[in-house]
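Q: what would the 3D arrangement of this be:
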Amino acid sequence: MPGPIPLLIRTANWVLTDGTKILAVRTRNRDRFYLPGGKIDAGESPQDALIREIHEELGVALIPDSLTRLGIFTGTGHNLPPDARIEMTCFSAGYTGQFQPGREIAEYAWLGPADRYLMAPMGQRIATTLCDI
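A: Predicted coordinates:
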């Protein structure tokens, strides 16, 4: 008899670089930085989830016509149960506005290769794969 179905958490995440560093956020009470974004709600497209999450987290508006899907990455999530899997749909996008961290965000940072260890493992993998950062 097969075992229990692992928990799958689907997220939409923003990959923003300046060429040498990648934007990352740290939520309150967390020890690692993550790619900005968050969980996709039931009935929500990854694009709609990303637009909503980025506005909530960083106070900027993503430009819908500029969203470009970069890939889907699956693995184990940081601080999640061992049977949980995370599926991160990553996008690049232009934005308008000034970064103003929302209530759940403790800080945002531009992380380069020497700082990559500050990111959760999936973020490290994506930064290396997509941006060589």
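Q: show me where this structure has strands.
A: Remark: strands of the chain, listed N- to C-terminal, are 8-14, 22-27, 37-39, 61-62, 68-75, 85-92, 95-96, 105-111; assignment by DSSP state E.
Q: tell me the most buried of the ones you listed?
A: Among the strands of the chain, ranked by average contacts under mean count of other C-beta atoms under 10 Å, first place goes to strand 22-27 (a mean of 22). C-beta: built from backbone N, CA, C; applies to glycine.
Q: scan the chain for its longest helix.
A: Here the longest helix in the chain is taken by residue count, with DSSP state H as the criterion, and it is helix 46-58.
Q: quick check: angle from that helix to strand 22-27?
A: Comparing the axes of helix 46-58 and strand 22-27 via axes from the mean of the first three to the mean of the last three C-alpha atoms, to 10 degrees yields an angle of 70 degrees.
Q: re earlier: dump the strands of the chain to JSON lines, plus distance to residue 130.
A: Listed next are these as JSON lines, based on distance: least, C-beta to C-beta, whole Å:
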{"stretch": "strand 8-14", "distance to residue 130": "11"}
{"stretch": "strand 22-27", "distance to residue 130": "9"}
{"stretch": "strand 37-39", "distance to residue 130": "14"}
{"stretch": "strand 61-62", "distance to residue 130": "17"}
{"stretch": "strand 68-75", "distance to residue 130": "6"}
{"stretch": "strand 85-92", "distance to residue 130": "7"}
{"stretch": "strand 95-96", "distance to residue 130": "18"}
{"stretch": "strand 105-111", "distance to residue 130": "14"}
